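dropping a prediction and its sequence here:
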Amino acid sequence: ETGVTQSPTHLIKTRGQQVTLRCSSQSGHNTVSWYQQALGQGPQFIFQYYREEENGRGNFPPRFSGLQFPNYSSELNVNALELDDSALYLCASSLGPFGTGKLTNEKLFFGSGTQLSVL
Amino acid sequence: GESVGLHLPTLSVQEGDNSIINCAYSNSASDYFIWYKQESGKGPQFIIDIRSNMDKRQGQRVTVLLNKTVKHLSLQIAATQPGDSAVYFCAGPSGNTPLVFGKGTRLSVIA
């Protein structure tokens, strides 16, 4: 078990609504990444946060946004929910940001995820 | 950027046999790979990693082999147990993402 915790574990929303998902990073980790995992697929990178700023973003529209707080915890916000947003949302923490050449920063530790259903 | 992919979406093995899960990658400059295990209802769990300056790395009952010539890596699980039933992903960093994941191989262990 990692020390990454996510809440809530399950969520049901209707199309057009907004949702906020929360994540606490593992002790000693200052970087948080968010991934979306559709059923039967591998996780897809949404974005990463380091020092309270976005550090890299995948191919997701602007209605996916995030925050990181001074204690390194993070939120993922999704506006104007669509049916295709139904997925498992995974948070992962790491020792540092990716792309610095430090391979130890590339090792991600995942939480159990939030299962979002959009009706 | 990097892309990684697994050869087989499903794999069934008899309990006690060895399992081999394969993965191919596209970027010859990739220097680091990780294998994750994901059980139902849980997030991916780190199993083992390997850097590109190594050909082989062993853990507890698991071995990862890296063949840079053909851009292929494999995860070998010795004496497969029912608790090994899960989806296995290989993943590697890309220039613009922390880790890129393949689609996964579902390992089923037959008792």
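Done, it's in.

kindly report the residues of chain A close to chain B.
Neighbours of chain B within chain A, by C-beta under 8 Å from any C-beta of the partner chain: A:2, A:4, A:33, A:40-45, A:48, A:56, A:58, A:90, A:92, A:94, A:98-99, A:103, A:106-113. No exception for glycine: its C-beta is placed from N, CA and C like everyone else's.

got a PyMOL select line for the buried ones in those residues?
A single PyMOL command selects the buried members of these (16 or more other C-beta atoms under 10 Å in any protein chain shown):
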select buried, chain A and resi 2+4+33+42+43+44+45+48+56+58+90+92+94+98+99+106+107+108+109+110+111+112+113
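
quick one: low-confidence parts of the chain?
Using chain A. Within chain A, the stretches with pLDDT under 70 are A:1.

meant chain B, my bad for not saying
Residue ranges of chain B with pLDDT under 70: B:1-2, B:5-7.

show me what from it comes close to chain A.
Checking chain B against chain A by C-beta under 8 Å from any C-beta, the hits are B:31-32, B:34, B:36, B:41-46, B:49, B:51, B:89, B:91, B:93, B:95-104.

test my guess that B:P93 contacts A:T104.
No. The pair B:P93 / A:T104 is not scored as a contact, 11.5 Å apart, by C-beta atoms under 8 Å.

who has more neighbours, these two?
B:P93 (24 against 11; other C-beta atoms under 10 Å in any protein chain shown).
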